[in-house]
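Novice: Output the structure for:
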Amino acid sequence: MGRIGIGLLWAIAALATAFLITLPISLQAHLIAGTAVLGVMMVLKTFTSGGVWRQIALALGTSLVLRYAYWRTTSTLPPINELQNFIPGFLVYICEMYSIFMLFLSLFVVMLPHPPRNLKISSSDPDLPTVDVFVPTYNEEPELLATTLAAAKAMDYPAEKLTVWLLDDGGTVQKRNAENMQAAQEAEERFITLQKLAEDLGCRYLTRERNEHAKAGNMNNGLQFAKGELVVVFDADHAPARDFLLYTVGYFKQDPKLFLVQSPHFFLNPDPVERNLRTFETMPSENEMFYGIIQRGLDKWDASFFCGSAAVLRREALDQTGGFSGVSITEDAETALELHASGWHSVYVDRPLIAGLQPATFASFIGQRSRWAQGMYQILRFRFPPGKRGLSIPQRLCYMSSTLFWFFPLTRWIFLLAPLCYLFFNLEIFTASAGEFVAYSSSYMIVNLMMQNYLYGRFRWPWISELYEYVQSVYLLPALFSVILNPSKPTFKVTSKSESLDVARVSELSRPFFIIFAVLVFAVLMTAWRIINEPWKADVAFVVGGWNLLNLIIAGCALGVVSERQENRASRRVDVKRRCEILVGDKVIPATIEDASVGGARINLGNVKVPEIARDLYCDVRFKTNVEIATPSMPISIRSMIRKPEGVMLGVRYEPSVADHYRLISDLVFASSDLWTKFQWSRRTNIGILRGTVWFLSLSVYQTGRGLAYFLRSFRRSQPDKASVAAAAGKPNS
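Specialist: Now for the predicted structure:
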């Protein structure tokens, strides 16, 4: 009865809101009402960010958004008989309605996210299910695979119930018999190398006849040989913590219709945006909004989906639907959609249980996101979640939110071009006064920022979403048009994670960003020209110029994103604090490993003088491990030696040569997921809208200058000097 009463109250409130937002009120009344709503939301946010008060605050914000949508629909569209104004005006209107619709879908998904789950089992339980671990690979380096395989084999689970499979699509019979002799030889060498690697690490190697259906086909081939009750999938660069299975397997005993337990993707290295802006250590990563709040929101509606890695799936469910789906190039979300529609359930565990690598360069980052965008459109086109039989209404809405999100390149481009239509071509895409535009748009923008802060404050700082969407939109728009025109055209491409960044440079994809920035700067000059030469339209020019200036701030920050910084380390280190011994000949020197990564470590010798230790020395390090390893020590080279108050700090690089060395690395770096959880929470701070806006403005100013400096430097390098020109022309240098 209580729920019915609450439902009636919300229904009455909704009807009252619908009545109020359609009332014809003056601009002054709107400003007063909008200010009051924003004030109440601020007060509620000050006292609480959860519970029913959070819902009330979001409902108040929704009323302002709906009021804006009503005003835009009834009062601002240009006359249809003025096509030069109506067409761009209507495109802007459609994009705004799309944004509002996506906001409401997001509200539905994350209004009441599922509380964090924390079920942990013991590896000594007698009735644990058998588990097959799939590590699919195509062209990844053996060293990268060795670390992942070693970490997978070291997971805390009964050895007789755990089988690790290396599924190699780079050494197939088709590739080994290719017409290109060099390619065939490389595939043969890979086939032999990975077979031995798998054997040395106690794993099973498997390849197939032909490369068909990409990653989905590779894993379906693995299903033909694997016999475990559960299937775990790790990407080639996703190494699990020892406690991965302990935090995931237990849910399958609770629910016989559970097909998936998904955990977040945690990364040891920054993506190109984080690296070039230097925000990785202090700001929540871009993917944390999805894994930290959206997946929990999807979990509330039994709609959290398979993300391609860091997941456990029930073999019985996969068999029922014919294995992993492969119609789209995002086989993970598509597989989850099919299984949800078949009546199976999913669970999301919000704890980082794997550590992986992100694309190193901006070009690889764009390639990865293009595949996601195209794959999600393919799912929308071929599977059509809104009409998918078997899904509940909440599940349909959740999948709509996940697939329709990837149309953001269209809206970003329209919002970028809209102010230019007026400034350059004098097109009037709004039929409203400057005062009305400012009043309604400013209240709409502020309430949008406040609602985002309510929902994602600790996971996404102000304006960062706009920056990420802008830098992707430049290249995702043509990718989206390509898949719309030919939905079957896109093919699965592996994202490179091992590119070199040994020199600072401007990305090869940077040219459009500098062109757009130049156009927006010219639009600022046009704004000034219109204000001076058309004073009767100065108010409109001010407003539209302000819109263009906002675009310019984001575009300027993007120049820093495409200006690639030099990166000396492939991944950030994690604190480990483990006692060790350095072995130099017969000498045993006690020390402490302070932090470690997959490539090297920092070792504290203390304040004792050790004459045997010097830079460029090759020696061994030995430490206590969580699992028994036949080779107890690992070769290292000393790359740096710095004296600090707390002791002499050595920067060392691993020099692995046998399988046991990779076991030692994985034991050191991937021993516990607690370290990754601690690092994530250290970045999850809500800096607020005002401070976040000021921070973003200062960031944009600095990155604009840095991006232009990189551009000028690269331009000078591309110009041949006088001597080289003369030499090329066969003339003496005068």
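
Novice: give the contact list for the closest residue to residue 684 other than its chain neighbours.
Specialist: Spatially, and ignoring its direct neighbours in sequence, residue 684 is nearest to residue 458 (4.4 Å; C-beta to C-beta, 6 or more residues apart in numbering). In short, each C-beta sits where N, CA and C put it, glycine included. By C-beta atoms under 8 Å, 6 or more residues apart in numbering, the contact list for residue 458 reads 284, 292, 684, 685, 686.

Novice: Who wins on neighbours among those residues?
Specialist: For the contacts of residue 458, neighbours were counted using other C-beta atoms under 10 Å, and residue 284 has the most, 23 neighbours in all.

Novice: List the contacts of it.
Specialist: With C-beta under 8 Å, 6+ apart, residue 284 has these contacts: 292, 458, 459, 460, 461, 680, 683, 684.

Novice: ok, 6 Å please
Specialist: 459, 683, 684 (C-beta atoms under 6 Å, 6 or more residues apart in numbering).

Novice: Show me where the stretch 151-300 of the chain has its strands.
Specialist: 162-168, 204-206, 230-233, 239-240, 258-262, 266-267 (DSSP state E, counting those that start in this stretch).

Novice: Please work out which residues outside the fifth one touch it.
Specialist: Applying C-beta under 6 Å, 6+ apart, the external contacts of strand 258-262 come out as 248, 251-252, 304, 306-307, 311-314, 317, 339, 344-348.

Novice: Go ahead and flag the most central residue of the chain.
Specialist: residue 287 (3.5 Å; C-alpha atoms, centre = their mean).

Novice: Apart from its chain neighbours, what residue comes closest to residue 438?
Specialist: Leaving aside its chain neighbours, residue 438 sits nearest to residue 543 (5.9 Å; criterion: C-beta to C-beta, 6+ apart).

Novice: Can you give me the end-to-end span of stretch 665-675?
Specialist: Stretch 665-675 has an end-to-end distance of 16 Å (criterion: C-alpha to C-alpha, to the nearest Å).

Novice: returning to that earlier point: between the contacts of residue 458, which is nearest residue 466?
Specialist: residue 284 (15.5 Å; C-beta to C-beta).

Novice: Low-confidence regions, the stretch 1-150 of the chain specifically.
Specialist: 1-3, 5-7, 9-10, 13-14, 16-17, 19-20, 48-50 (pLDDT under 70).

Novice: all helices for it, in order.
Specialist: 2-21, 27-47, 51-75, 83-110, 142-153 (DSSP state H, counting those that start in this stretch).

Novice: Would you point to the one among those that's packed deepest?
Specialist: The highest mean neighbour count among the helices of the stretch 1-150 of the chain, using mean count of other C-beta atoms under 10 Å, belongs to helix 142-153: a mean of 24.

Novice: end-to-end on stretch 111-121?
Specialist: Start-to-end span of stretch 111-121 (C-alpha to C-alpha) is 30 Å.

Novice: Below-threshold pLDDT in the stretch 601-734 of the chain: ranges please.
Specialist: If you take pLDDT under 70 as the line, the stretch 601-734 of the chain has these spans: 718-734.

Novice: can you rerun that using 50?
Specialist: By pLDDT under 50, the low-scoring segments of the stretch 601-734 of the chain are 722-723, 725, 728-729, 731-734.

Novice: Helices of that one, residue ranges please.
Specialist: Under the criterion DSSP H, counting those that start in this stretch, the stretch 601-734 of the chain carries helices at the ranges 659-669, 674-683, 689-718, 722-729.

Novice: burial of the closest residue to residue 463 other than its chain neighbours, as a residue count?
Specialist: Of all residues not flanking residue 463 in the chain, residue 696 sits nearest, at 4.3 Å (C-beta to C-beta, 6+ apart). Residue 696: 19 surrounding residues under other C-beta under 10 Å.

Novice: Hmm, residue 464 and residue 696 touching each other?
Specialist: No - contact criterion C-beta atoms under 6 Å: residue 696 and residue 464 do not qualify, at 7.5 Å.

Novice: if you skip the residues just before and after it, what's nearest to the residue nearest to the centre of the chain?
Specialist: Closest residue to residue 287 apart from its sequence neighbours, by C-beta to C-beta, 6+ apart: residue 265 at 6.3 Å.

Novice: Quick check: the gap between that neighbour and residue 301.
Specialist: Distance, residue 265 to residue 301, using C-beta to C-beta, to the nearest Å: 21 Å.

Novice: more crowded one of those two?
Specialist: Counted by other C-beta under 10 Å, residue 265 and residue 301 do not tie: residue 265 has more neighbours, with 23 against 19.

Novice: tell me the phi and psi of that one?
Specialist: Here is the backbone geometry of residue 265 (degrees, to the nearest 10): phi -90, psi 110.

Novice: quick one, domains of this structure?
Specialist: Per automatic domain parsing, the structural domains of the chain span 131-359, 574-683.

Novice: Any chance of JSON lines for these, columns distance to residue 705?
Specialist: As requested, the domains of the chain are exported to JSON lines (distance: least, C-beta to C-beta, whole Å):
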{"stretch": "domain 131-359", "distance to residue 705": "13"}
{"stretch": "domain 574-683", "distance to residue 705": "26"}
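
Novice: Number of residues surrounding the nearest residue to residue 184 once chain neighbours are set aside?
Specialist: Leaving aside its chain neighbours, residue 184 sits nearest to residue 178 (4.4 Å; criterion: C-beta to C-beta, 6+ apart). As a burial measure, residue 178 scores 15 neighbours (other C-beta under 10 Å).

Novice: I figured residue 178 hits residue 186, correct?
Specialist: No - Residue 178 is beyond contact range of residue 186, at 9.2 Å (criterion: C-beta under 6 Å).

Novice: Low-confidence ranges, the stretch 451-600 of the chain, go.
Specialist: Scanning the stretch 451-600 of the chain for pLDDT under 50 picks out nothing.

Novice: need the helices for it, in chain order.
Specialist: 464-485, 511-533, 538-561.

Novice: can you tell me which of these comes nearest to residue 212?
Specialist: Nearest of the helices of the stretch 451-600 of the chain to residue 212, taken as C-beta to C-beta: helix 464-485 at 20.6 Å.

Novice: Show me what that closest one is in contact with.
Specialist: By C-beta under 6 Å, 6+ apart, helix 464-485 touches 286, 366, 369-370, 373-374, 377, 408-409, 412-413, 490, 512, 554, 557-558, 561.

Novice: buried ones in the helix or strand harbouring residue 396?
Specialist: Secondary structure assignment for residue 396, by DSSP states H and E: helix 393-404. By neighbour count on 16 or more other C-beta atoms under 10 Å, the buried set for helix 393-404 is 395, 396, 397, 398, 399, 400, 401, 402, 403, 404.

Novice: again with stretch 366-382
Specialist: Across stretch 366-382, burial judged by 16+ other C-beta under 10 Å covers 366-380.

Novice: ok, the residues you listed vs residue 57, which is closest?
Specialist: The closest of the buried residues of stretch 366-382 to residue 57 turns out to be residue 376 (C-beta to C-beta; 30.8 Å).

Novice: how about the closest one, what does it touch?
Specialist: Contact partners of residue 376, counting by C-beta under 6 Å, 6+ apart, are 403, 406.

Novice: so for the host helix or strand of it, what's the average pLDDT?
Specialist: Take DSSP H and E as the rule and residue 376 turns out to sit in helix 362-382. Mean per-residue pLDDT for helix 362-382: 93.
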